[in-house]
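fold the following for me, if possible:
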Amino acid sequence: MTALASVASRPDVSHAEMANAIRFLAIDAVEQAKSGHPGMPMGMADVATVLFSDFLKFDPTDPAWPDRDRFVLSAGHGSMLLYALLYLTGYESMTLDQLKAFRQWGSKTPGHPEYGHTPGVETTTGPLGQGIATAVGMALAERLMNARFGDDLVDHYTYVIAGDGCLMEGISHEAISLAGHLRLNRLIVLFDDNRISIDGATSLSCSDDQVARFKASGWNVSSIDGHDPQAIAAAIRQAKASDRPSLIACRTVIGFGAPNRQGSEKVHGAPLGAEEVGKTRAALGWPYPAFEVPDTVLAEWREIGARGREARRAWIERSRHACNGERSPFHDALNRKLPCAYTEAMATLTARFASERPKLATRQASQQVIDVIAQALPNLLGGSADLTHSNLTLAKTQVPVRPETLDGSYIHYGIREHGMAAAMNGIALHGGFIPYGGTFLSFADYSRPALRLAALMGIRVIHVMTHDSIGLGEDGPTHQPVEHLAALRAIPNLLVFRPADAIETAEAWDRALKAETSPSILCLSRQALPTIRDGSKDNQVALGAYVLVEPDFARDVTLIATGSEVAIALEAAKLLAEEGIKAAVVSAPCFDLFRQQPSDYRAKVLGDAPRVGVEAAVEGDWARWLGEDGEFVGMTGFGASAPADVLYREFGITPAAVAAAAKRVSRRSN
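Numbering: from 1, shown residues only. Predicted structure coming up:
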């Protein structure tokens with residue numbers, strides 16, 4: 001979409017009036033809410049006005065149009081900048097009443113932008129640095145889709161407004177490094193260089209030369225006056241012509257126009273106050289009451305919003321007239337449903353696992369799953385944070401993505417776990433791919449902020465996290481996750497799978513791929529595990545927990561285990577049987593899904609007998625499933641460096657220890 005004439009050149013409405021409409025909507029909303037961040041919207045109004053009026057390709061009547069430009073407000077605390085723009089350009093759900101309800105219950109204008117809650121918001125932002133890192137994934141998805149389907153179907157940019165805080169956060173380093181390496185030239189970051197943070201001037205804590213930093217990472221960079229519309233437009237035009245991602249450092253004044261607050265941290269995160277609001281109206285020549293935008297100014301903004309309709313209609317026509325051989329794969333890529341070829345491939349693999357009954361590490365079983373589904377799912381996009389040959393995440397048919405090979409399907413993310421997790425979010429949000437990425441489970445801590453946002457947004461991303469317990473052995477406690485399962489299970493809407501064998505691994509993959517509104521983590525073993533069941537039933541992992549062994553008569557005890565410890569529970573049940581104690585064994589690969597099952601099903605699985613839980617991790621919320629008389633066999637501290645079998649013995653996670661616990665709880669219940 002070509003840039004149109006600058007707003008500043010229109011005789012009827014000036015650039016200043018257009019920008020001031022944004023400023024005062026933000027000021028008035030924050031003032032009415034008695035809460036919010038007016039400074040950034042006031043400072044970046046000029047940049048946003050030029051971007052939306054002259055460059056951004058969008059259509060408010062179809063916020064999900066696949067070939068729209070993406071706009072990410074990484075500095076999400078300045079949410080009123082975005083909400084004002086959505087209202088001004090004519091998004092149906094963003095009414096004046098919604099602006100007046102800023103930060104109030106049930107409004108479309110929460111304190112920070114939320115994907116899925118407010119049409120026009122591309123990603124949830126607020127935790128600083130997440131927006132720019134997520135945008136890297138969006139820009140990468142655009143380039144990969146473009147390489148597959150061409151300019152007629154995929155030809156858009158990703159624009160980001162980021163602040164000092166976004167660039168101070170460590171994730172920004174991972175993100176800009178990856179983007180520079182991959183030469184994501186459709187990514188343009190507009191840096192709100194106002195040099196103010198909550199504590200005061202950024203010089204209190206930071207002396208970085210951000211322009212030099214981005215340049216060192218292979219970006220195209222420029223510095224401009226962020227209040228000069230001609231300079232802003234020229235810089236964006238130059239960035240769009242670059243073969244690299246671009247940073248435009250926009251020198252701005254935070255709280256621009258507020259006589260006693262601008263340029264100060266006082267305008268960052270608090271209302272201006274009635275007196276200062278009045279003085280700001282006088283200083284900027286805006287005599288209108290709160291929330292009033294002159295008809296001429298609003299009409300100009302609405303015209304800008306309507307302009308994208310023609311571009312969208314032209315794109316729809318191009319997609320309709322594309323040859324069948326090109327059109328079908330494109331629409332298949334955008335379709336979130338899994339094709340029949342996938343269902344057949346997964347069924348064949350599960351049957352093979354059931355027939356061969358392999359003894360495999362679940363990470364090895366996962367590799368076999370990936371090999372099969374990568375052929376059935378052309379839009380599967382894999383990767384690893386420099387652990388490809390440990391995570392076993394690369395399929396035989398996948399080609400690595402490189403700057404010169406953007407039609408690949410596997411990303412070497414480098415040692416950037418947090419950046420990888422955020423980029424995967426961006427890929428999923430963009431559409432066209434199902435992203436998965438690998439690392440060690442102990443490094444989930446590096447990814448956690450992005451994992452949390454994926455769960456909050458309800459998007460399908462799949463994390464393959466191997467080396468899931470003390471069973472990894474000699475690498476020792478720094479790499480042995482003990483608290484991670486409990487910590488991850490505490491995140492709402494995050495599916496945490498810990499499969500016990502090859503069949504459960506295939507079923508976990510299947511459930512994760514079908515979870516269109518939840519991210520998933522597959523926690524996989526390094527050590528080999530026996531096949532514990534056949535594949536004759538429907539997906540049992542989808543139930544969260546199920547009875548693996550049921551004694552012929554009433555249970556004396558129920559043993560509940562996950563992952564590698566299911567085999568230990570089965571051996572313990574045999575020991576108990578020798579003493580006449582009837583033990584049921586329950587495999588619980590995903591407590592999150594088990595919690596969602598009907599209460600009668602949960603009661604049937606758990607039974608009335610006393611329970612013992614077995615997991616090579618800390619107890620966490622196991623007590624919920626074990627009851628008052630239950631007992632947990634697992635870890636109470638960190639691991640150690642030794643072979644896996646030695647660790648299990650020394651930490652007391654053995655069939656004999658489980659059997660002993662079962663006898664104790666049985667005695668207590670009698």
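
with adjacent residues omitted, what lies nearest to residue 196?
Distances taken as C-beta to C-beta, 6 or more residues apart in numbering place residue 254 nearest to residue 196, at 4.7 Å, with adjacent residues excluded. To be clear about C-beta, it is placed using only N, CA and C from the backbone, and glycine gets the same treatment.

residues near that neighbour, how many?
Residue 254 has 29 neighbours, counted by other C-beta atoms under 10 Å.

next, it: secondary structure please.
Assigned with DSSP: H, G, I helix; E, B strand; the rest coil, residue 254 falls in the coil class.

identify the residues contacting it.
39-40, 42-43, 194, 196, 262-264, 267-268 (C-beta atoms under 8 Å, 6 or more residues apart in numbering).

from the residues you listed, which land in helices?
Judged by DSSP state H, those include 39-40, 42-43 as members of helices.

looking at the residues you listed, which is nearest residue 357?
residue 40 (59.6 Å; C-beta to C-beta).

pLDDT score assigned to the closest one?
On the pLDDT scale, residue 40 is placed at 98.

count of residues packed around the closest residue to it other than its chain neighbours?
Nearest non-adjacent residue to residue 40, counting by C-beta to C-beta, 6+ apart: residue 78, 3.3 Å away. Residue 78 has 29 neighbours, counted by other C-beta under 10 Å.

quick one: secondary structure of residue 78?
helix.

so what's it up against?
26, 37, 39-41, 44, 161, 163.

could the contacts of residue 254 go into a markdown table alongside neighbour count and distance to residue 343?
Formatted as a markdown table, the contacts of residue 254 follow (neighbours: other C-beta atoms under 10 Å; distance: C-beta to C-beta, whole Å):
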| residue | neighbour count | distance to residue 343 |
| --- | --- | --- |
| 39 | 33 | 53 |
| 40 | 28 | 48 |
| 42 | 34 | 54 |
| 43 | 31 | 52 |
| 194 | 27 | 53 |
| 196 | 28 | 55 |
| 262 | 22 | 60 |
| 263 | 18 | 60 |
| 264 | 16 | 60 |
| 267 | 29 | 56 |
| 268 | 24 | 52 |
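
Throw those into CSV and include distance to residue 22, thanks.
CSV is the format used below for the contacts of residue 254 (distance: C-beta to C-beta, whole Å):
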residue, distance to residue 22
39, 13
40, 11
42, 8
43, 11
194, 16
196, 19
262, 15
263, 19
264, 20
267, 15
268, 17
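
stretch 541-556 spans what distance, first to last residue?
25 Å (C-alpha to C-alpha, to the nearest Å).

buried set for it?
541-549, 551, 555-556 (16 or more other C-beta atoms under 10 Å).

now residue 557, nearest residue through space, not along the chain?
residue 662 (4.4 Å).

scratch that, residue 575
Nearest non-adjacent residue to residue 575, counting by C-beta to C-beta, 6+ apart: residue 659, 4.3 Å away.

so for the one you found, what's the pLDDT?
98.

which strand or helix spans it?
Take DSSP states H and E as the rule and residue 659 turns out to sit in helix 655-669.

contact partners of that helix?
By C-beta under 8 Å, 6+ apart, helix 655-669 touches 556-557, 559, 568-569, 571-572, 574-576, 579, 581, 583, 609-612, 614, 629-631, 633.

just give me how far it sits from the chain centre.
Mean-position distance between helix 655-669 and its chain equals 42 Å (C-alpha atoms, centre = their mean, to the nearest Å).

please apply the same query to stretch 465-473.
Distance of stretch 465-473 from its chain centroid, counting by C-alpha atoms, centre = their mean, is 24 Å.

could I get the CA-only coordinates of that stretch as CSV?
What follows is stretch 465-473, C-alpha atoms only, in CSV (Å, rounded to 0.1, in the frame of the first residue of the first chain):
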residue,chain,number,x,y,z
MET,A,465,10.8,-29.2,27.3
THR,A,466,13.1,-32.2,27.8
HIS,A,467,15.3,-33.5,30.6
ASP,A,468,12.3,-33.3,32.9
SER,A,469,13.5,-34.6,36.2
ILE,A,470,16.5,-35.9,38.3
GLY,A,471,16.4,-38.7,35.7
LEU,A,472,18.7,-36.6,33.5
GLY,A,473,21.5,-37.7,35.8
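
now do the buried residues in that stretch.
Neighbour-count burial for stretch 465-473, counted by 16+ other C-beta under 10 Å, picks out 465-473.

again with stretch 392-401
Those buried within stretch 392-401 under the rule 16+ other C-beta under 10 Å are 392-395, 398, 401.
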